[in-house]
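Visitor: structure, please.
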Amino acid sequence: MRHTQSQKKSLELAVSHYQTFLPQAEDYLQSRGLTLQDGATHRLGVVDEPLPGHETYKGRLVIPYITKTGVVDIRFRAIQESDVKYLGLPGAKTHLYNVLSTFSAGDFIGVCEGEIDTVTLNKCGVPAVGVPGVNNWKKHYTRILQDFETVYVFADGDQPGVDFAKNLARELATVTVIQMPDGEDVNSVYCKGGPNAIRQRIGL
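Guide: Modelled structure (predicted):
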């Protein structure tokens with residue numbers, strides 16, 4: 001979906017506004033092994049003073065999707081326990097998260113499920129993009145990755161994660177599947193073992 005200039009300006013305004021409240025998410029970030037600086041690097045924020053139309057998202061973590069053209073989408077993640085973990089903007093379509101890393105990565109790139117896992121991989125020195133749910137992978141994402149010598153797919157330790165990795169391996173010959181232990185994902189493995197627990201899995 002192509003945004004108008006006014007829509008782009010509105011998205012940028014929202015992200016800039018909510019960034020100022022990021023310290024309210026410090027405890028949550030620490031629980032995931034992340035710092036406020038990690039959050040700031042990815043322009044995360046918190047909906048403390050909702051802009052018009054954002055009242056539903058109050059108290060949630062703000063996760064902007066940013067491309068070379070600017071902010072193209074925002075997802076809102078529950079910080080506290082909630083029946084609905086993620087909420088999106090009305091009418092928004094799913095995007096690949098952290099696509100800017102494809103411009104700065106070298107010969108390899110990581111792919112994982114979810115924004116927090118993506119932030120975690122980048123913190124560990126593994127440039128990565130994330131898909132917001134394994135069922136949201138789109139065929140054209142493959143073209144974004146096809147020039148990398150190696151695409152490490154970090155598969156969650158559950159059946160959907162295994163299936164996602166297998167399907168992507170069928171689409172790209174350069175895929176190397178990095179399987180997480182049963183019931184684990186990138187962030188939980190990192191929280192237990194630190195950066196080396198991730199880096200050693202791909203030989204760094």
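
Visitor: give me the pLDDT for N135.
Guide: N135 is assigned 87 on the pLDDT scale.

Visitor: then H3?
Guide: Taking H3 on its own, its pLDDT is 69.

Visitor: give me the low-pLDDT residue ranges for the protein?
Guide: 1-3 (pLDDT under 70).

Visitor: which helices and strands does whichever helix in it runs longest pack with?
Guide: Of all segments of type helix in the chain, defined using DSSP state H, the longest is helix 5-19. Helix 5-19 sits against strand 45-46, strand 61-67, strand 70-77, with contacts defined as 3 or more CB pairs under 8 Å, 6 or more residues apart in numbering; DSSP states H and E. Yep, even glycine has a C-beta here, placed from its N, CA and C like the rest.

Visitor: what lies in contact with that helix?
Guide: 3, 40, 43-49, 51, 54, 62, 64, 69-74 (CB atoms under 8 Å, 6 or more residues apart in numbering).

Visitor: repeat the analysis, applying 10 Å as the threshold.
Guide: 1-4, 24, 39-40, 43-54, 57, 60-66, 69-74, 76, 89 (CB atoms under 10 Å, 6 or more residues apart in numbering).

Visitor: helix or strand right after that helix?
Guide: helix 26-31 (DSSP states H and E).

Visitor: contacting residues for the residue nearest to T102 when sequence neighbours are not counted?
Guide: Leaving aside its sequence neighbours, T102 sits nearest to I144 (CB to CB, 6 or more residues apart in numbering; 5.9 Å). Applying CB under 10 Å, 6+ apart, we find I144 in contact with L96, V99, T102, I109, V111, V129, K138.

Visitor: just Y97 next, same as before
Guide: 42, 63-66, 73, 75, 112-115, 117-119, 128-132.
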